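> What follows is a predicted structure for the sequence shown.
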Amino acid sequence: MKIQFLGAAQEVTGSKHLITLKSGKQILLDCGMFQGRGKESAIRNRHLGFNPMEVTYLFLSHAHIDHSGLIPLMVKQGFKGKIICTPATYDLCRIMLADSAHIQQSDAEYINRKREAEGKDLIKPLYNMDDVNRCWDLFQIIDYKKQTQIDEEVEVLFTDAGHILGSAVVNLTLFENHKPHRLTFSGDIGRYINKILKTPQAFPQADTIICESTYGDRLHESVKDAKENLKVIVEETCYEKRGKLIIPAFSIGKTQELIFMLNKLGINKGPNKIKVFVDSPLAISATEIMKDHIECFGPATIKFMQKGADPFGFDQLYYVREAEYSKLINEIDEPCIIISASGMADAGRIKHHLANGITDEKNTVLIIGYSEPSSLSGRLQRGAEEVRIFGQHYPVKAKVSSIDFFSAHADYNEILRFLSCQDPTEVSQIFLVHGDIESQTHLKQMLDQKYNKVDIAEPKEDYFI
C-alpha cells in the first residue's frame, strides 16, 4: 500500500493523509483545512490534492476544522463514499461545518466588496450550506471499542484519543492479498490530566503508526501551576487594574476547560464578583452537545457533577449568542473576563474584542493554547508591538500572557506515554505528522532510541509500506 501526506506534514494544520491499497481502493484519514497563513492557506484550501470521486472511505479522527473542514468541498467535488467517525464527532461536525460554511460565505462577501470596487473578478466561497447538508447522509457512526468490518479489505476500531469530545485514534486493519496490516492514526493526542474528558486509551498493537507531534519538543505546566497562574492573572487584571481579561479560545475543548477551571477556582464565590462572558455561538452549541455526551467525561468531571454542580455554569457566567449583545460587552466599563473564538484570533468575535481592548494597558490578553506563528494570537504571543485588525493598525498596550496548560495536545512526555502500550519490535515504522519541523526533530530523536524506523513525513511524498 501507499501513503501520501497531503496536509499537516511538517506543519500543524490541514490534516489529510491518503492511503492507496494495491487493489486501487483509496482511504483518506481526515480532510482538514489549512489555517493561520492568510492568503496562502486560502489558496491551498481550494486544492485537495486528490480526486474525491476516487476515495471510498474517509475516517475522521475528530471535528476540529483543521481535521474536518474540507469535507463539504470533497462532497461538492463528487465524493460519494462513507465518512466514518464516532457519535460525538458527528454531532460536533453538524455545528462546526455549518459554522465554517457561514465563515466562507461571509469572507467571500467581504472580499468581493473590495474586488468589485477595484473591477476585479469575484471569488466564490469554498462551499455553502447546501454542500454541508449533502454530507450528512454519507456519515457512518461507530462507537469506541467496537471492532467493525467495513468491507473485505478494511476493519476499524476507534479508541479514545482524549483530545476533544469524540476524538478517536483510528486503528485500521487493512488486508492486501489476504494479509493483514495494522495501521494506527493517532489523530490528535490528548492530555493525561484530570480534565473534563477521559484520558487517552491504550490502542491495539500496530505495524505502522501515523503520530501527531504538535508539542514534540515541549512540556506543559502542571495543573497546580496553571490554576495558580490563572488566579494571579485574574486578580491582577480584574481586581487590581480594574481591566478586562480577553481570552481567545477555540469553541470546542479549550473554552469548556477554561470555564471548568474558573468554576473550580470559585472566582465568583466571594464578595468581589466579576462577570464572565462566553461570546461565541459555536462554543455555546458545543457546550450543549458536551452535556449530551457525559459518557466521554472523565472521573473528575463525573465526581464534580455528582455534587450537584454544573461544570459549565456558575454565578455571573453569561453565554452570548446574539451579535447585538456581543457588541454591548465592549461598552461595559467594568472589570470582566471575555472568552471568545477563534483560538488563533484570525476570525470571529474575538477580533472585535481585541480591537476594542488591546490599546488599554489595564487589560490583559491571555493566550491559552497553540498559536500558529503568523496568526494574530501567534504574533501577540511573540511580542508584537503593533497588530493589524480589520485593516487598521493598533498599538499593543495591553499585557499579553500565556498559559499552555489548556492545550488539548499531549506534550512529548505524554506522546511517549501514549506510545508505551506498543511493543517496539512489532512496529515497522512511525510517521510523524501535525507538527513543525523543530518539534518533529526533537520527538524523532527521542523515538529513535526505541523504535526501528521513525520518519518525519514529507509533504506529498509517496511512502510504500
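Right, received. Where do you want to start? Treat the numbers as computed from the prediction; the structure is a model and nothing was measured.

> show me where the stretch 251-400 of the chain has strands.
275-279, 317-320, 336-340, 364-367, 386-389, 392-395, 399-402 (DSSP state E, counting those that start in this stretch).

> Could you save those strands as JSON lines and add columns showing distance to I83 and mean neighbour count?
C-beta: built from backbone N, CA, C; applies to glycine. Conversion of the strands of the stretch 251-400 of the chain to JSON lines gives the following (distance: least, CB to CB, whole Å; neighbours: other CB atoms under 10 Å):
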{"stretch": "strand 275-279", "distance to I83": "30", "mean neighbour count": "23"}
{"stretch": "strand 317-320", "distance to I83": "30", "mean neighbour count": "18"}
{"stretch": "strand 336-340", "distance to I83": "30", "mean neighbour count": "25"}
{"stretch": "strand 364-367", "distance to I83": "33", "mean neighbour count": "24"}
{"stretch": "strand 386-389", "distance to I83": "36", "mean neighbour count": "14"}
{"stretch": "strand 392-395", "distance to I83": "41", "mean neighbour count": "11"}
{"stretch": "strand 399-402", "distance to I83": "36", "mean neighbour count": "18"}
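
> residues in contact with E212?
E212 makes contacts with 8, 186-189, 409-410, 415, 432-435, as judged by CB atoms under 8 Å, 6 or more residues apart in numbering.

> State the number of residues packed around the residue nearest to D310 when sequence neighbours are not counted.
Using CB to CB, 6 or more residues apart in numbering and skipping residues adjacent in sequence, the residue nearest D310 is N263, 8.0 Å away. By other CB atoms under 10 Å, 21 other residues sit near N263.

> about what we covered before: export the strands of the stretch 251-400 of the chain to a markdown table and tack on mean pLDDT and distance to I302?
Written out in a markdown table, the entries for the strands of the stretch 251-400 of the chain read as follows (pLDDT from 0 to 100; distance: least, CB to CB, whole Å):
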| stretch | mean pLDDT | distance to I302 |
| --- | --- | --- |
| strand 275-279 | 96 | 23 |
| strand 317-320 | 96 | 21 |
| strand 336-340 | 97 | 24 |
| strand 364-367 | 97 | 28 |
| strand 386-389 | 94 | 41 |
| strand 392-395 | 96 | 44 |
| strand 399-402 | 96 | 30 |
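
> Double-check T159 against K145; I have them as touching.
Yes: the pair T159 / K145 is scored as a contact, 6.7 Å apart, by CB atoms under 8 Å.

> of those two, who's got more company?
T159 (20 against 10).

> Could you pull up the residues touching that one?
144-145, 168-169, 171, 200-204.

> one more time with 7 Å, if that's ok
Counting by CB atoms under 7 Å, 6 or more residues apart in numbering, T159 makes contact with 144-145, 168-169, 171, 201, 203.

> If it is in a bridge, with which residues?
Assessed by DSSP bridges, T159 has beta-bridge partners V169.

> quick one on the thing from earlier: least confident pick among the contacts of E212?
The lowest pLDDT within those belongs to H409, with 92.

> quick one, phi/psi of it?
Main-chain dihedrals, H409, degrees, to the nearest 10: phi -100, psi 140.

> which residues touch the most centrally placed residue in the chain?
Closest residue to the average C-alpha location of the chain: H64 at 4.2 Å, with CA atoms, centre = their mean. By CB under 7 Å, 6+ apart, the contact set of H64 is 164, 252.

> and if you look at the one 4 residues further on?
With contact taken as CB under 7 Å, 6+ apart, S68 is in contact with 31-32, 60, 93, 96-97.

> Can you tell me which of the contacts of T159 is nearest S280?
The closest of these to S280 turns out to be A168 (CB to CB; 24.5 Å).

> Excluding chain neighbours, give the residue nearest to that closest one in space.
F158 (4.0 Å).

> The one you found: neighbour count?
The number of residues near F158, taken as other CB under 10 Å, comes to 27.

> before we move on, what about I302?
By other CB under 10 Å, the burial measure for I302, its neighbour count, is 12.

> Is K22 located within a strand, as I assumed?
No: using DSSP: H, G, I helix; E, B strand; the rest coil, the assignment for K22 is coil, not a strand.

> what's near enough to touch it?
Applying CB under 7 Å, 6+ apart to K22 gives the contacts 1, 176.

> hmm, try it at 10 Å
When contacts are counted by CB atoms under 10 Å, 6 or more residues apart in numbering, K22 touches 1-2, 153, 174, 176-177.

> Check the gap between it and Q104 for me.
37 Å (CB to CB, to the nearest Å).

> Same question for E426.
44 Å.

> So between those two, which is more surrounded?
Q104 (23 against 11).

> so who does that one touch?
42, 45, 69, 72-73, 124-129, 131-132.

> From E372, how far out is it?
If you go by CB to CB, the gap between Q104 and E372 works out to 19 Å.
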